[in-house]
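# sharing a sequence plus its predicted fold:
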2 protein chains.
Amino acid sequence: MTEFKTVTAAILVIGDEILSGRTKDKNIGYIAEYLGGVGIDAREVRVVPDVEAEIVAAVDALRARYTYVFSTGGIGPTHDDITADAMAKAFGVGIDHDPRAVAILKARYADGELTEARLRMARIPDGADLIENPVSGAPGFKIGNVIVMAGVPHIMQRMLDSIVPTLETGARMIAETVSPGYGIGEGMIAQPLAAIAAEHADVSIGSYPSFGPQGFQTQLVIRGKDPAAVAAAKTAVELMVRAVVAQKQG
Amino acid sequence: MTEFKTVTAAILVIGDEILSGRTKDKNIGYIAEYLGGVGIDAREVRVVPDVEAEIVAAVDALRARYTYVFSTGGIGPTHDDITADAMAKAFGVGIDHDPRAVAILKARYADGELTEARLRMARIPDGADLIENPVSGAPGFKIGNVIVMAGVPHIMQRMLDSIVPTLETGARMIAETVSPGYGIGEGMIAQPLAAIAAEHADVSIGSYPSFGPQGFQTQLVIRGKDPAAVAAAKTAVELMVRAVVAQKQG
């Protein structure tokens, strides 16, 4: 069996506003899909509050386990923005105004406008690389295998564009979808689908029901890194669905 | 200082489809906001794949730490629905077809339609209480302090309606928002805001920038359980914002 290179990631969302439900997260799905597209597999997500000990514990657990950790949130100028300090603590390094980041902010703001608060956004843990922020200037950073980004989706997305091309990537996960259509419930296909899944252990097969205007339908998704294995499993699923539909109509 | 009762929760989203980005989660924000409304504080969220060991590890970590754990996903009839078995494993109990759940499914499906696969949805860990599913029949369940719900938002929401009234609740978190308006950036208010946050340690104050058609704006949110403390901090924030706006215009 061919070996396919695997690069993994966790997503760490930092922010009380997500946990209170006040802000509905738009970053998790975007990052997961983006990473999948370049061959980095998101394997876990955590959302933690703006509490240093919680951030440090999550960063330490995730960075030890996955190739990369992508964090969002908590790098602005206000007192509740504590991500940079938490990252320095997790890595056991110092943190101070970074001359490269200060230069970026100086170029962005007029003399009187670069307040002490805004300068806080230039505090970067020692040894980190900056991540460009073409939207509002204040950079993200990468320390070790942890990529630290803004929480505002518009800015976070540009930071991803900037950092991802520099990262290691693996074989892309290929996903093929088979839609049996309305009227074919999960309960009608579950047994033959399980048999196919057992026979095609080199792919994963998921069944995703959803509720639409015409009632329930389900989508069958075959995922794997080996194009031939995915294609073979897809054919098996299509033949099975055709047989179930014929039996129902017959 | 008055003590306010605190009841906490974690949200555990189970499903490869969320981690691949194929399905964009709609449950986290809904559950977080719903729980906040009744006095249960969401403190952490995790998203894990359809892998038994991962589900068990997350359930064990979260149920030890929070009053309740709310899980979504993985309780359907297909082979990739392994949540019920994982919960039984986490709690070290058996799992089998539950007569109460079987009765619900028998009432729902015609004789030939209650396939072995559909009967899988009646497999409930020993000692669990059922959670009603008025949408499609197959119940969720509560085992210990873990509430196990469907992943389809429409069904999950009805399960929440059914189970939450039976749970312990605490004092509601009160949130008040002050909007300085466009043109008042975080950098202009960060210092006085930090001073207010330090003086009002009995509330938490967050600053949430967003990017809209007119550029950046920020919203200041004061959160706490003591109505008097929240009101006092809100007044302080409003006076501060007024002073910053006046200085800018002057």
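Yep, it's here.
# what does the longest helix belonging to chain A contact?
If you go by DSSP state H, chain A has its longest helix at helix A:227-249. Applying CB atoms under 8 Å, 6 or more residues apart in numbering or on different chains, the external contacts of helix A:227-249 come out as A:174-176, A:178, A:180-181, A:183-184, A:188-189, A:192-193, A:196, A:199-200, A:202-203, A:205, A:220, A:222-224. Every C-beta, even on glycine, is put in place using the N, C-alpha and C of the backbone.
# the helix or strand of chain A with the lowest mean pLDDT vs chain B: in contact?
Every helix and strand of chain A was ranked by mean pLDDT, DSSP states H and E. The lowest is strand A:204-212, at a mean of 88. Yes - using CB under 8 Å from any CB of the partner chain, strand A:204-212 comes into contact with chain B via A:Ser204, A:Ile205, A:Gly206, A:Ser207, A:Tyr208, A:Pro209, A:Ser210, A:Phe211.
# quick check: buried residues in that strand?
For strand A:204-212, burial by neighbour count (16 or more other CB atoms under 10 Å in any protein chain shown) applies to A:Ser204, A:Ile205, A:Gly206, A:Ser207, A:Tyr208, A:Pro209.
# chain neighbours aside, what residue packs nearest to the second one?
By that I understand A:Ile205. Excluding the flanking residues, the one nearest A:Ile205 by CB to CB, 6 or more residues apart in numbering or on different chains is A:Ala197, at 4.6 Å.
# ok, now A:Glu116?
B:Gln191 (6.4 Å).
# so the one you found is in contact with A:Ala117, correct?
Yes - using CB atoms under 8 Å, B:Gln191 makes contact with A:Ala117 at a distance of 5.1 Å.
# those two: which has the busier surroundings?
A:Ala117 (22 against 18; other CB atoms under 10 Å in any protein chain shown).
# and that one, what pLDDT?
A:Ala117 carries a pLDDT value of 88.
# give the contact list for it.
Taking CB under 8 Å, 6+ apart as the test, what A:Ala117 contacts is A:Pro77, A:Thr78, B:Glu186, B:Gly187, B:Met188, B:Ile189, B:Ala190, B:Gln191, B:Ala194.
# how does it look with 10 Å?
Residues in contact with A:Ala117 (CB atoms under 10 Å, 6 or more residues apart in numbering or on different chains) are A:76-79, A:81, B:185-194.
# what about it, distance to B:Ala195?
11 Å (CB to CB, to the nearest Å).
# and for A:Asp98?
Distance of A:Asp98 to B:Ala195, given as CB to CB: 25 Å.
# so which of those two has more stuff around it?
More neighbours surround A:Asp98 than the other of A:Asp98 and B:Ala195, with 19 against 13 (other CB under 10 Å).
# surely that one meets A:Arg120?
No - counting by CB atoms under 10 Å, A:Asp98 stays clear of A:Arg120, with 11.6 Å between them.
# where are the low-confidence patches of chain A?
A:1-2 (pLDDT under 70).
# show me the domain layout of it.
Here the domain parsing of chain A from automatic domain parsing is A:8-166, A:174-249.
# now A:Arg172. Nearest residue, chain neighbours left out?
Nearest residue to A:Arg172 in three dimensions, chain neighbours excluded: A:Gly39, at 4.4 Å (CB to CB, 6+ apart).
# next, count neighbours for the one you found.
By other CB under 10 Å, the burial measure for A:Gly39, its neighbour count, is 18.
# A:Val51 now?
Neighbours of A:Val51 using other CB under 10 Å come to 15.
# quick one: contacts for it?
A:Ile14, A:Asp16, A:Ala57, A:Ile82, A:Ala86, B:Arg43, B:Ser204.
# any quick ChimeraX command for the buried ones out of those?
A single ChimeraX command selects the buried members of the contacts of A:Val51 (16+ other CB under 10 Å):
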select /A:14,16,82,86 /B:43,204
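# in TSV, list the contacts of A:Val51 along with secondary structure and distance to B:Ala243.
Output for those, formatted as TSV (DSSP: H, G, I helix; E, B strand; the rest coil; distance: CB to CB, whole Å):
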residue	secondary structure	distance to B:Ala243
A:Ile14	strand	30
A:Asp16	helix	26
A:Ala57	helix	39
A:Ile82	coil	26
A:Ala86	helix	31
B:Arg43	strand	35
B:Ser204	strand	22
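# in a markdown table: the contacts of A:Val51, plus distance to B:Val93.
A markdown table is the format used below for these (distance: CB to CB, whole Å):
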| residue | distance to B:Val93 |
| --- | --- |
| A:Ile14 | 35 |
| A:Asp16 | 35 |
| A:Ala57 | 29 |
| A:Ile82 | 41 |
| A:Ala86 | 38 |
| B:Arg43 | 26 |
| B:Ser204 | 39 |
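# of the contacts of A:Val51, which pair is most distant in space?
Pairwise distances across these peak at 19.3 Å for A:Ala57 and B:Ser204 (criterion: CB to CB).
# next, the buried residues of stretch A:175-193.
Applying 16+ other CB under 10 Å to stretch A:175-193 flags A:175-176, A:178, A:180, A:184-193 as buried.
# could you say which helix or strand contains the residue nearest to A:Ile205?
Taking DSSP states H and E as the criterion, the element that holds A:Ala197 is helix A:186-199.
# for chain A, what spans make up the helices?
Under DSSP H, chain A gives helices at A:16-19, A:27-38, A:52-63, A:83-91, A:99-108, A:116-119, A:153-163, A:186-199, A:227-249.
# deepest of these, which one?
helix A:16-19 (a mean of 25; mean count of other CB atoms under 10 Å in any protein chain shown).
# contacting residues around that one?
A:13, A:22-25, A:27-28, A:47-51, A:72-74, A:80, A:151, B:9-11, B:28-29, B:32, B:35-36, B:41-45, B:173, B:175, B:204, B:206-208, B:219, B:221, B:223.
# one more pass at 6 Å, please.
With contacts defined as CB atoms under 6 Å, 6 or more residues apart in numbering or on different chains, helix A:16-19 is touched by A:Thr23, A:Asp25, A:Val47, A:Pro49, A:Asp50, B:Ala32, B:Ala42, B:Gly206, B:Tyr208.
# all set, thanks.
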